[in-house]
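Chemist: coords please:
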Amino acid sequence: MIFCNLGSGSKGNSTYVQDSGPALLVDQGFSVKNLLLRMESVGLNAAEVGAILLTHEHSDHLRGIGIFARRFHVPVFMTALTYNAVPRALLKNVDVMQYMAGDELSINDLKVKTFHIPHDAADPVAVVVTGENRRVGIITDVGNEVKYLREYLHDLDLLFLESNHDIVMLDNGPYPLGLIKRIKSRVGHLSNEQALTLFKTLPLDGRLRHLILGHLSEQNNDPKIIRKVFQKTVQKIAPKVQLDIASQNIAGPLFEL
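Modeler: Residues are numbered from 1 along each chain as shown. Reported below is the predicted structural model:
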């Protein structure tokens with residue numbers, strides 16, 4: 001299985017997953033030109049994408065979805081509630097496949113388990129994508145470290161997990177009070193400490209090899225802080241796990257699992 005986050009943050013999000021068949025894009029929040037440059041930089045071919053799954057309707061996950069779907073003639077999977085929240089013009093002449101949060105989807109040769117997460121969107125989901133021998137979890141835009149997530153995050157080879165902000169930086173940064181409260185709310189984004197708490201509750205069975213932390217706030221977080229928060233705990237409870245931090249500005253690295 002191939003996994004590559006093509007960029008993660010408030011300016012755009014998209015992740016590429018492929019087993020032996022067509023690839024799946026989880027979200028597409030970049031311009032098509034930008035996305036194609038990112039894919040080319042890590043040796044990926046957009047023509048191999050067979051479908052897109054939209055996790056929720058916020059523009060940083062949605063912005064380029066319609067243009068990409070029309071250009072490459074691929075369907076877009078989203079929940080019915082998310083579909084109702086997306087501007088119709090974005091989905092003109094797009095083949096939309098609706099599902100319900102909690103459904104397990106068969107998308108080409110991939111099994112995609114969807115599950116609802118707390119976030120201020122119509123019907124936000126996270127996913128676990130399973131190929132023939134590998135499983136990856138993708139969880140971003142989640143407001144708190146709800147315990148039920150551990151039910152889905154077992155037997156993973158790779159986990160892509162939001163670690164959005166440092167509390168001290170957020171409280172003392174440039175954001176207005178209303179936005180700070182929204183980010184810290186139960187339907188906002190995970191802080192570094194909340195992401196670590198969630199990670200420590202997972203059923204770590206020795207299979208997990210990669211933990212990638214993403215959706216970093218450019219204003220209210222720093223990779224150095226994240227590594228300081230996570231490194232000792234990861235080394236202690238999951239010493240075989242490689243820790244990486246996703247970038248807003250560039251794709252990669254590409255993982256062959």
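Chemist: next SSE after the longest helix belonging to the chain?
Modeler: Criterion DSSP state H: the longest helix present in the chain is helix 223-237. The helix or strand immediately downstream of helix 223-237 is strand 242-245, counting by DSSP states H and E.
Chemist: so what touches that following strand?
Modeler: 163, 209-214, 216, 223, 226-227, 230-231, 234, 253 (Cβ atoms under 8 Å, 6 or more residues apart in numbering). C-beta coordinates here come from the backbone N, C-alpha and C atoms, glycine included.
Chemist: same thing but 10 Å
Modeler: The contact list for strand 242-245, computed with Cβ atoms under 10 Å, 6 or more residues apart in numbering, reads 5, 8, 158, 160, 163, 208-214, 216, 221-224, 226-227, 230-231, 233-235, 252-253, 255.
Chemist: quick one, helices of the protein?
Modeler: Using DSSP H, the helices of the chain run over residues 32-41, 59-62, 65-72, 80-85, 167-171, 177-184, 192-201, 223-237.
Chemist: export the ones you listed to TSV and append columns for mean pLDDT.
Modeler: TSV is the format used below for the helices of the chain (pLDDT from 0 to 100):
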stretch	mean pLDDT
helix 32-41	98
helix 59-62	98
helix 65-72	98
helix 80-85	98
helix 167-171	97
helix 177-184	97
helix 192-201	96
helix 223-237	95
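Chemist: and residue 144, which of the ones you listed is closest to it?
Modeler: Closest to residue 144 of those is helix 192-201 (Cβ to Cβ; 6.5 Å).
Chemist: name the helices or strands packed onto the closest one?
Modeler: In terms of contacts (3 or more Cβ pairs under 10 Å, 6 or more residues apart in numbering; DSSP states H and E), helix 192-201 is packed against strand 158-162, helix 167-171, strand 210-214, helix 223-237.
Chemist: centre of the chain to it, how far?
Modeler: Relative to the chain's own centre, helix 192-201 is displaced by 16 Å; criterion: Cα atoms, centre = their mean, to the nearest Å.
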